[in-house]
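Novice: what's the 3D shape of this:
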Amino acid sequence: MRTTLLLITLLFTAMVVDAQDNPAITAWMQNTTGIMGRHYVSGNSTPIEDNVLANVQKVQYSDNWSYINATGIPAYVSGPFLDGNPSLATNQNAIFRFPLYPVKNEGTPTSTNAGNIGVFINGVALFDFRDGVGWNSNTNSLCGGPGNTPCPGGPMAQTDWSRDAIPAEMAGFDCSKAHPAMGNYHHHQNPSAFNLDIEVVSTICNLYDADGLYAIDSTQHSPLLGFAYDGFPIYGAYGFENADGTGEIVRIKSGYQARNITSRTHWADGTDVDNGPDISTTYPIGYFREDYEFIQHSGEEDYLDEHNGRFCVTPEYPEGIYCYFSSVDENWNSTYPYVVGPTFYGEVVASKVNSITEPVDTYVPVSTSTSFLSDEGVEVNIFPNPAVDLVAIQIAGLNKEDLNVEMFDISGKLVERKTLYQGSTIVYFDTQTYYEGIYLVRVSGTHGLQSKQIAIVRY
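Specialist: Predicted coordinates:
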């Protein structure tokens with residue numbers, strides 16, 4: 001009897017240890033230092049601090065579920081939203097429930113929907129491609145959304161031509177490629193700042209210094225960025241070339257491409273539908289979701305399937321799991337279907353809940369990395385160098401802790417100290433009052449430090 005009890009105890013202990021190693025529990029960015037959200041308003045390039053905690057506040061778990069308490073507010077500065085959006089990012093006071101062991105949907109795939117379809121590891125929402133606007137073929141005009149007449153069948157009715165938020169709402173995204181819907185701040189796409197793309201398609205970062213969740217690093221496997229509502233993980237744009245974890249680090253590409261059409265009369269599968277607007281400068285190809293078609297790339301493992309994912313090995317899942325990727329093109333501009341969609345791979349069981357109704361444990365984050373800021377770890381970039389009036393210090397990849405960023409003069413005297421917050425990748429120094437000369441920038445945290453020289457010049 002005693003032996004049986006011991007075996008049961010050991011088995012239970014092993015289950016708990018396994019659960020605590022599950023990335024659906026351990027990957028979330030818990031705010032342990034009191035980081036507050038900040039935002040810009042139009043015309044003011046000085047961030048305003050909000051009285052709302054950023055990132056994730058608590059992670060709890062049971063045998064089958066993780067529960068994520070989050071405000072939906074990022075550590076990076078949100079706003080402004082220059083398309084007239086009157087909303088600001090507001091506290092969502094949310095509890096998200098995710099499965100610890102997601103499963104494939106063996107039946108008809110579930111379509112993504114309006115609103116939350118996933119959550120990034122900082123607690124910020126993920127939406128799919130849509131913005132609630134479609135094409136009314138009866139009036140030959142846009143319908144739904146602000147300033148348009150309602151679509152036939154109601155505000156959320158599906159039309160034959162559904163507008164894509166990425167090109168249509170570009171003017172309303174902040175530097176981090178996000179905006180709020182009735183206060184619910186969210187990304188539709190890769191959550192890396194516009195000014196970090198190779199080809200910059202929005203100049204908002206030039207007006208309001210801001211950031212994103214991570215910086216793309218083409219030499220490293222992309223970090224785990226979040227989870228879709230079917231529980232499967234979301235990664236950035238780069239991964240192992242081969243699904244088994246071998247091969248070079250390559251850009252993981254969407255299997256969708258723009259259709260070669262001049263008029264919108266049929267869907268890609270040949271279905272005859274109500275006509276949409278002809279291709280034009282007002283309604284260019286890609287303006288509607290139905291402008292894309294899926295192409296099967298047999299034998300090319302660096303292309304994603306119709307859900308924008310693939311089964312593969314990652315650093316967090318060495319045994320392999322189905323993963324979504326935040327797809328981008330060769331210029332790092334977002335590509336349809338952006339993150340997840342137009343259907344989910346798995347059974348959609350995650351959701352917001354009002355309360356936790358089962359016994360749970362609280363996960364206390366444990367620091368495990370040893371080389372985050374070492375010479376072979378994350379790259380620290382300082383620019384411009386030499387500098388005149390402003391210096392930016394940026395790290396590649398994902399920043400999981402608050403970092404100290406210090407500026408020393410040539411004699412070793414500390415000139416200024418700042419904090420690069422968890423879930424942010426960039427910090428700035430105003431050097432207009434600095435003397436000309438050589439300075440040392442030191443970035444340090446619990447996982448190491450890096451030091452680099454920079455020259456301040458006066459022309």
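
Novice: all helices for the chain, in order.
Specialist: Secondary structure of the chain (DSSP state H): helices at 2-20, 23-26, 165-168, 204-207.

Novice: rank these by pLDDT, which is bottom?
Specialist: Across the helices of the chain, helix 2-20 has the smallest mean pLDDT, namely a mean of 39.

Novice: center of the chain - which residue?
Specialist: Against the mean C-alpha coordinate of the chain, by Cα atoms, centre = their mean, the closest residue is residue 191 at 3.6 Å.

Novice: Could you check how many residues crowd around residue 331?
Specialist: Residues lying near residue 331 (other Cβ atoms under 10 Å) number 10. Glycine gets a C-beta too; all of them are placed from N, C-alpha and C.

Novice: what separates it from residue 101, distance-wise?
Specialist: Per Cβ to Cβ, to the nearest Å, residue 331 is found 37 Å from residue 101.

Novice: Hmm, residue 308 is touching residue 344, no?
Specialist: No: here residue 308 does not reach residue 344: they are 10.0 Å apart, not a contact under Cβ atoms under 8 Å.

Novice: For residue 257, which non-adjacent residue is spatially closest?
Specialist: For residue 257, ignoring the flanking residues on the chain, the nearest one in space by Cβ to Cβ, 6 or more residues apart in numbering is residue 295 at 5.7 Å.

Novice: for the one you found, what are its contacts?
Specialist: By Cβ atoms under 8 Å, 6 or more residues apart in numbering, residue 295 lies in contact with 255, 256, 257.

Novice: and if you look at residue 286?
Specialist: Residues near residue 286 by Cβ under 8 Å, 6+ apart: 164, 167, 258, 292, 336.

Novice: Could I get those residues in CSV, plus columns for neighbour count and distance to residue 207?
Specialist: Putting the contacts of residue 286 into CSV (neighbours: other Cβ atoms under 10 Å; distance: Cβ to Cβ, whole Å) gives the following:
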residue, neighbour count, distance to residue 207
164, 23, 25
167, 17, 20
258, 13, 30
292, 22, 31
336, 21, 27
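
Novice: List just the nearest of those to residue 390.
Specialist: residue 167 (31.1 Å; Cβ to Cβ).

Novice: Let me know whether that closest one touches residue 285 as I believe.
Specialist: No: if you go by Cβ under 8 Å, residue 167 and residue 285 don't touch, sitting 9.7 Å apart.

Novice: ok, back up a step: compare the contacts of residue 295 and tell me which is most surrounded.
Specialist: Using other Cβ under 10 Å as the neighbour criterion, residue 256 leads these with 24 neighbours.

Novice: My guess is that one contacts residue 294. True?
Specialist: Yes: in this structure, residue 256 is within contact of residue 294 by Cβ under 8 Å, at 5.4 Å.

Novice: how close does residue 394 get to residue 447?
Specialist: The gap separating residue 394 from residue 447 is 17 Å, by Cβ to Cβ.

Novice: before we move on, what about residue 434?
Specialist: 29 Å.

Novice: ditto for residue 431
Specialist: Distance of residue 431 to residue 447, computed by Cβ to Cβ: 27 Å.

Novice: now do residue 234
Specialist: Distance, residue 234 to residue 447, using Cβ to Cβ: 24 Å.

Novice: Could you check which of those two has the larger neighbour count?
Specialist: Neighbours around residue 234 and residue 447, counted as other Cβ under 10 Å, are more numerous at residue 234. The numbers are 24 against 18.

Novice: Looking at the more buried one now. What's its pLDDT?
Specialist: In this prediction residue 234 is given a pLDDT of 98.

Novice: Quick check: bridge partners of it?
Specialist: On the basis of DSSP bridges, residue 234 is bridged to residue 226, residue 324.

Novice: ok, it - contacts?
Specialist: Residue 234 neighbours (Cβ under 8 Å, 6+ apart): 118, 120, 126, 224-228, 323-326, 339-340.

Novice: quick one: it from residue 340, how far?
Specialist: The gap separating residue 234 from residue 340 is 7 Å, by Cβ to Cβ.

Novice: Now for those two: what residues contact both?
Specialist: Joint contacts of residue 234 and residue 340 (Cβ under 8 Å, 6+ apart) are 118, 126, 228, 324.

Novice: how deep is the third one tucked in, by neighbour count?
Specialist: Just to be clear, that refers to residue 228. Look at residue 228: counted by other Cβ under 10 Å, it has 29 neighbours.
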